[in-house]
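**Student:** A predicted structure for the sequence below; I have some questions about it.
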Amino acid sequence: MNDTASPPMRAAIATLRKDLRALPVPPNMPDLDAARADFSWDDARAALECLPGGALNIAHEAVARHARGPRAAHTALRWLGAEGEVRDLSYRDLDAAASRFAHVLRDAGLVRGDRLFVLAPRVPALHVAVLGALKAGLVVCPLYPAFGPEPIATRMTLGEARALLTTASLYRRKVQSLRERVPGLAQVFIADAVSTEDTPPGTTALPPLMASAADTFDCVATAPDEPALLHFTSGTTGRPKGAIHVHEAVLTHWATGLHALDLHPDDVFWCTADPGWVTGMSYGVIAPLVHGVTLLVDEAEFDPVRWYTILQEQRVTVWYTAPTAIRMLMRAGAELAAGFRRPALRFVASVGEPLGAGAVLWGEQVLGLPIHDNWWQTETGGIMIANTIAQDLEPGSMGRPLPGVEAAIVARREDGTVQVIDTPDTPGELALRPGWPSMFRGYLDEPARYRKCFAPDAGGDWYLSGDLARRDAQGCYWFVGRADDLIKSAGHLIGPFEVESCLMAHPAVVEAAVVGLPDALLGESVRAYVTLHPGFEPDEATRRALLAHARTQLGAAVAPKSIEFASVLPHTRSGKIMRRLLKARALGLPEGDTSTLESGPDTT
């Protein structure tokens, strides 16, 4: 149970557990322990079709096999345009469009292993380009369209981009002026240009090429360990890291869609993450299509009314979103949510940053369903630890490792090895035993950096996540903080998330961020930054109430010594709180690279 939960919250958690198993459809995984004991990645491979000779291609598993099977006419993608347009593509339609794009790439001289960068809003052309490129054996590198020109040029240069799929507006605003920095960029396809007259110089209108291309294309028989995706991490400073993922990752996408997201054939699945990030690619493109469900894609930006309307009118059954989005809905108020129905919704999950117990219970009380947190990273390529639909929910925890995943809490030794920590509730570094199919296979052109991610014990290597966590006696994992975010105050090691979770359990607080500031007496002093719900004033009375709440729940040694109010907290574009930026501002230091920042929460 969450250590920072108040007595009323503990009572609500107990009630939640009693009601958890009243599920509208039988879960794919009714017993996690039994599934873990019986699971093998060979069985996962057998559940897919694969290609002759042991080849494996993500596009084949996501669309091609469905297009010639019983789900050919089933809606694969329902696109909701920002201006109200709705467009449906069946699996047959989506496969044909992807085949046409594969021919366009081939006719343009692009070959197996070349890298296609995708810089586009959430429109069907993005999904078509990703699947078509994978069909042709190219490596896909998604870019977040809200990036500025500099991070886009940096990533395309590091990734040696050979081709780019984008729109005319994005090209003119974010690529054109810096194109000379990417000398290998041979082709730029403009997805929304009707003719050559509509295209900027040096680019090609895509629709005419698509109209004349054949709508069948045999997927390239890529090897399971052949690169398929290149994801750049959204690092706050320094050079971005390019994590390489292979076609075999589709096994993890299938398994986690089954076990963590509980996808069933008739589901309408909505992942709110942008495909420019790993969540939006793994679970906003690949996993739902591999399962043959209907994938809902919304072009518009976050708006509470629009989101509630989508849940109601599109009859969404499974919804995968982010903690920042949940907190923004919380800020919009329960009254707004009460004005909409969610007639088909049966499962809600969240990822991006740890979800506090208060947000989990808000889901139960306001949405009618608890929100199930899970944990993974760009490097893992898929969900590793989750609160699944059928297991007892531990609000505030990551959950338990999924079938096929071996996790542990470890301590690093001075000799470069690690020791597994078996004592429950002892903090250490979260580690995974390599071998799951979506594990990244390297950092682009940085082999030494990749090797540093692994350390051995007597049983072999562990992947070291850099996240600090603890495992309780029931086997649930609890996030403590990033290793480099720990605060040392008066001899105590304090994880920011522990303090943030406590503050967010208070009814006044929407979001909190905690940093350590230099202190001559304590070493570091804990400062919290909070945003408030409507109806609460950022005054001294609220400050005292929050300090008292934290001291009661955490003790004086761990509770913040000071609290500052903010209208918004700084986040990266992927939704992570920028604690380092808050600390730099507090100390009057240079803020470093802010090219991936925005002033408020990012819903993706």
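**Tutor:** Arrived safely. Numbers count the residues shown, from 1 in each chain.
**Student:** check contacts around Lys241.
**Tutor:** If a contact means Cβ atoms under 8 Å, 6 or more residues apart in numbering, then Lys241 has 232-233, 235, 443-444, 446, 449 as its contacts. In this view, the C-beta of every residue, glycine as well, is placed from N, C-alpha and C.
**Student:** separation between it and Val175?
**Tutor:** Counting by Cβ to Cβ, to the nearest Å, the gap from Lys241 to Val175 is 22 Å.
**Student:** if we can go back for a sec, can you pick the most crowded of the contacts of Lys241?
**Tutor:** Among the contacts of Lys241, the one with the most neighbours (other Cβ atoms under 10 Å) is Phe232, at 27 neighbours.
**Student:** who does that one bridge with?
**Tutor:** Per DSSP bridges, the residues bridged to Phe232 are Gly242.
**Student:** how far away is it from Pro403?
**Tutor:** Using Cβ to Cβ, Phe232 is found at 29 Å from Pro403.
**Student:** shaky segments in this protein?
**Tutor:** 1-22, 234-238, 484, 490-493, 573-575, 590-604 (pLDDT under 70).
**Student:** walk me through the domains of it.
**Tutor:** Annotated domains of the chain cover 39-301, 406-434+452-484, 486-598 [automatic domain parsing].
**Student:** so which of those is the most surrounded?
**Tutor:** Of those, the one with the most neighbours on average (mean count of other Cβ atoms under 10 Å) is domain 39-301, at a mean of 20.
**Student:** Pro304 against Ala334, yeah?
**Tutor:** No - under the criterion of Cβ atoms under 8 Å, Pro304 is not in contact with Ala334, lying 11.5 Å apart.
**Student:** A helix includes Gly53, no?
**Tutor:** Yes - counting by DSSP: H, G, I helix; E, B strand; the rest coil, Gly53 is part of a helix.
**Student:** how about stretch 139-153 as PDB, C-alpha atoms only?
**Tutor:** Output of stretch 139-153 as PDB, limited to C-alpha atoms (Å, rounded to 0.1, in the frame of the first residue of the first chain):
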ATOM      1  CA  VAL A 139      14.100   1.900 -40.400                       C
ATOM      2  CA  VAL A 140      11.500   4.300 -39.100                       C
ATOM      3  CA  CYS A 141      12.500   7.200 -36.900                       C
ATOM      4  CA  PRO A 142       9.500   9.200 -35.600                       C
ATOM      5  CA  LEU A 143       9.800  12.900 -34.600                       C
ATOM      6  CA  TYR A 144       7.500  14.900 -32.400                       C
ATOM      7  CA  PRO A 145       5.900  17.600 -34.500                       C
ATOM      8  CA  ALA A 146       6.100  20.200 -31.700                       C
ATOM      9  CA  PHE A 147       9.900  20.100 -31.700                       C
ATOM     10  CA  GLY A 148      11.600  23.200 -32.900                       C
ATOM     11  CA  PRO A 149      14.000  23.200 -35.900                       C
ATOM     12  CA  GLU A 150      17.100  22.600 -33.800                       C
ATOM     13  CA  PRO A 151      16.200  19.300 -32.200                       C
ATOM     14  CA  ILE A 152      14.700  18.100 -35.500                       C
ATOM     15  CA  ALA A 153      17.900  18.800 -37.400                       C
END
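**Student:** which residues in the stretch 451-600 of the chain form helices?
**Tutor:** In the stretch 451-600 of the chain, the helices defined using DSSP state H, counting those that start in this stretch lie at 496-504, 540-554, 579-587.
**Student:** export those as a markdown table, with columns for distance to Arg342.
**Tutor:** Listed next are the helices of the stretch 451-600 of the chain as a markdown table, based on distance: least, Cβ to Cβ, whole Å:
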| stretch | distance to Arg342 |
| --- | --- |
| helix 496-504 | 24 |
| helix 540-554 | 32 |
| helix 579-587 | 34 |
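**Student:** which ones are touching the nearest residue to Val351 once chain neighbours are set aside?
**Tutor:** Residue nearest to Val351 in three dimensions, not counting chain neighbours: Asn374, with 5.4 Å by Cβ to Cβ, 6 or more residues apart in numbering. By Cβ under 8 Å, 6+ apart, the contact list for Asn374 reads 260, 349-351, 383-387, 398-399.
**Student:** make JSON lines from those residues and add distance to Met156 and secondary structure to it.
**Tutor:** Putting these into JSON lines (distance: Cβ to Cβ, whole Å; DSSP: H, G, I helix; E, B strand; the rest coil) gives the following:
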{"residue": "Ala260", "distance to Met156": "32", "secondary structure": "coil"}
{"residue": "Ala349", "distance to Met156": "32", "secondary structure": "strand"}
{"residue": "Ser350", "distance to Met156": "31", "secondary structure": "strand"}
{"residue": "Val351", "distance to Met156": "27", "secondary structure": "coil"}
{"residue": "Ile383", "distance to Met156": "29", "secondary structure": "coil"}
{"residue": "Met384", "distance to Met156": "29", "secondary structure": "coil"}
{"residue": "Ile385", "distance to Met156": "33", "secondary structure": "strand"}
{"residue": "Ala386", "distance to Met156": "34", "secondary structure": "strand"}
{"residue": "Asn387", "distance to Met156": "37", "secondary structure": "coil"}
{"residue": "Met398", "distance to Met156": "34", "secondary structure": "coil"}
{"residue": "Gly399", "distance to Met156": "36", "secondary structure": "strand"}
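**Student:** farthest pair within the residues you listed?
**Tutor:** Ser350 and Met384 (14.9 Å; Cβ to Cβ).
**Student:** who has more neighbours, those two?
**Tutor:** A direct count of neighbours by other Cβ under 10 Å for Ser350 and Met384 places Met384 higher, at 29 against 24.
**Student:** so who does the more buried one touch?
**Tutor:** So Met384 contacts 374-376, 401-402, 405, 407, 432, 436 (Cβ under 8 Å, 6+ apart).
**Student:** can you tell me how far it sits from Asp467?
**Tutor:** Relative to Asp467, and taking Cβ to Cβ, Met384 is found at 11 Å.
**Student:** overlap in contacts, those two.
**Tutor:** Trp375.
**Student:** ok so, going back, looking at the helices of the stretch 451-600 of the chain, which is nearest to Cys141?
**Tutor:** Between these, helix 579-587 lies closest to Cys141; by Cβ to Cβ that is 26.0 Å.
**Student:** which parts of the stretch 201-350 of the chain are strands?
**Tutor:** 204-205, 227-232, 242-246, 268-271, 294-298, 318-321, 347-350 (DSSP state E, counting those that start in this stretch).
**Student:** swap in the stretch 401-550 of the chain?
**Tutor:** Going by DSSP E, counting those that start in this stretch, the stretch 401-550 of the chain shows strands at 407-412, 418-420, 428-432, 454-457, 460-471, 477-482, 487-489, 492-494, 509-519, 523-532.
**Student:** which outside residues touch the first one?
**Tutor:** The set of residues that contact strand 407-412 without belonging to it, under Cβ under 8 Å, 6+ apart, is 384-385, 401, 418-421, 426-433, 455, 457, 462, 464, 469-471, 477.
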